[in-house]
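> Sequence first, predicted coordinates after that:
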Amino acid sequence: MAEIVYHTLIEQPVFRTYVFYVAILSLKLLAMSVLTSIQRFKHSAFANPEDAGPRKLKVNVNENVERVRRAHLNDLENIPIFFVVALIYLTTNPPVFLATMLIRLFTISRFIHSFVYAVVVLPQPSRALSFAVGYFITGYMAVNSIFYYLL
Amino acid sequence: MAEIVYHTLIEQPVFRTYVFYVAILSLKLLAMSVLTSIQRFKHSAFANPEDAGPRKLKVNVNENVERVRRAHLNDLENIPIFFVVALIYLTTNPPVFLATMLIRLFTISRFIHSFVYAVVVLPQPSRALSFAVGYFITGYMAVNSIFYYLL
Amino acid sequence: MAEIVYHTLIEQPVFRTYVFYVAILSLKLLAMSVLTSIQRFKHSAFANPEDAGPRKLKVNVNENVERVRRAHLNDLENIPIFFVVALIYLTTNPPVFLATMLIRLFTISRFIHSFVYAVVVLPQPSRALSFAVGYFITGYMAVNSIFYYLL
């Protein structure tokens, strides 16, 4: 019987899209840790004495490290909520095309956000816009779901 | 067949309650980002030179901004775990009334927490109490689920 | 019908393992808040005037408090993603033994990580190794799921 549950969900085109992009966004989130480590070694800016000690490196704060950490925190503030909200939104039977596009657009907007924040720093409003796209997609899905379950 | 899965879950009164409050709490989490931005502009305290630069604003740390950010971080430390733990708790067939009340109480406690932390700062133990209510609800659900699945 | 959905998922041995360890890891995450509070009182280092005020305590930054907070943040960066990625991985019908071992190993690695980071500080690479184990398990599950759903 378990297989029926899995198959039915898997057979849904939007659910497959959802799962695929959730996995992609999870790898993106994992990549932020590596990006932070690279910046820590590059600028010799470590958070703990035991990391810096044996190599005569320093415990200090570096703006390039903090920038990646802020991008990472922004991801943590937005991506896990999207995972939950998008799944709820899928249970409201949304139009397949719209749901697929929103999931893809959210994913792209988060990649652009991290890129212009922490890889190649671009002037505003590039970061504000990429943030807003992901933000309003999550908000739209949440508001839609609330009305669906309220009625 | 997919519709059966959705319908069965949707037909459950507690599941509908769960989904509804998860969407509400997600919007609340999203609102924290806006609250931070408002404080940043109000006190002209930005985290990045590209945000402050063109408007002659400052990159600095302001206690009112940090307060909202601490409230936001506290939400991130508690709300996503609740989403996961409450869903697991629902699979243990808890009493409908109890489960509904716990989910509602958790939601209210998190709204009060943010309000007394970052909107109108109230003396302790108002924040400690609102934190404790949400904290022990999540803990109760987790411990209950562990015993259910262990036996 | 709802009961069929629950029963079928519950009857799966790996799903029960997953739910059990998710509840354990959630309690572990909740414990980090208590650990932070203990350090704040021990070193009299509070983040807000309303916490410190009435007891003549100080608002300051203490390295022991910050260490627990960094361990907590590292948990937030890794554990919620694991919850999502592991669930997706389970829908790909992985070998029962492998999936069970990966979930257990991830749980153990996160407990060791927090222990050597914030309870008894051990020299590197103890923290780096425990981090890497959890990190690569999540990464392995995500990559595996992407290939499964892509094909």
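Perfect, I can see it now.
> tell me the secondary structure for the residue nearest to A:R69 when sequence neighbours are not counted?
Among residues not flanking A:R69 along the chain, A:T36 sits closest, at 6.0 Å (C-beta to C-beta, 6 or more residues apart in numbering or on different chains). Any C-beta I mention is one placed from the backbone N, CA and C, and that applies to glycine too. Taking DSSP: H, G, I helix; E, B strand; the rest coil as the rule, one finds A:T36 in the helix state.
> if I pick A:T36, what's in contact with it?
A:65, A:68-69, A:72 (C-beta atoms under 8 Å, 6 or more residues apart in numbering or on different chains).
> Per-residue pLDDT of it, please?
pLDDT recorded at A:T36 is 89.
> Tell me where chain A has helices.
A:2-11, A:13-42, A:49-52, A:63-90, A:96-114, A:126-150 (DSSP state H).
> of those, which approaches C:V14 most closely?
Closest to C:V14 of the helices of chain A is helix A:2-11 (C-beta to C-beta; 10.0 Å).
> Spatially central residue for chain A, please.
For chain A, A:I79 is the residue whose C-alpha lies nearest the centre (C-alpha atoms, centre = their mean; 3.7 Å).
> Just give me the neighbour total for the closest residue to that one other than its chain neighbours.
Leaving aside its chain neighbours, A:I79 sits nearest to A:L25 (5.5 Å; criterion: C-beta to C-beta, 6+ apart). Using other C-beta atoms under 10 Å in any protein chain shown, A:L25 is surrounded by 24 other residues.
> A:L25 reaches A:T107, doesn't it?
Yes - counting by C-beta atoms under 8 Å, A:L25 sits close enough to A:T107 to count as a contact (5.9 Å).
> Please convert the contacts of A:T36 to a markdown table, extending it with pLDDT and neighbour count.
Output for the contacts of A:T36, formatted as a markdown table (pLDDT from 0 to 100; neighbours: other C-beta atoms under 10 Å in any protein chain shown):
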| residue | pLDDT | neighbour count |
| --- | --- | --- |
| A:V65 | 86 | 24 |
| A:V68 | 89 | 23 |
| A:R69 | 90 | 20 |
| A:H72 | 92 | 21 |
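> I'd like these as a markdown table, with distance to B:P13 appended.
Formatted as a markdown table, those follow (distance: C-beta to C-beta, whole Å):
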| residue | distance to B:P13 |
| --- | --- |
| A:V65 | 49 |
| A:V68 | 45 |
| A:R69 | 43 |
| A:H72 | 39 |
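> and A:L87, what is it in contact with?
A:Y18.
> how much space between it and A:Y21?
Separation of A:L87 from A:Y21 (C-beta to C-beta, to the nearest Å): 12 Å.
> so who does A:A118 touch?
So A:A118 contacts A:35, A:67-68, A:70-71 (C-beta under 8 Å, 6+ apart).
> What about those residues, which one has the most neighbours?
Within the contacts of A:A118, A:V68 tops the neighbour count with 23 neighbours, counted by other C-beta under 10 Å.
> doesn't A:S37 make contact with it?
No - counting by C-beta under 8 Å, A:S37 is not a contact partner of A:V68; they are 9.3 Å apart.
> what about chain A, any weak spots by pLDDT?
Scanning chain A with the threshold set as pLDDT under 70 gives A:1-12, A:53-58.
> returning to what we had before: look up how far A:Y149 lies from the residue nearest to A:I79.
25 Å.
> Please apply the same query to A:F136.
20 Å.
> Now do the same contact list for the residue lying closest to A:H43 once chain neighbours are set aside.
In this structure, A:H43 finds its nearest non-sequential neighbour in A:N62, 4.2 Å apart by C-beta to C-beta, 6+ apart. For A:N62, the contact set (C-beta under 8 Å, 6+ apart) comprises A:39-40, A:43-45.
> Max pairwise distance over these: which two?
Maximum pairwise distance among the contacts of A:N62 (C-beta to C-beta): 10.1 Å, between A:Q39 and A:S44.
> More neighbours: these two, which one.
Between A:Q39 and A:S44, counting by other C-beta under 10 Å, A:Q39 is the more crowded of the two (19 against 15).
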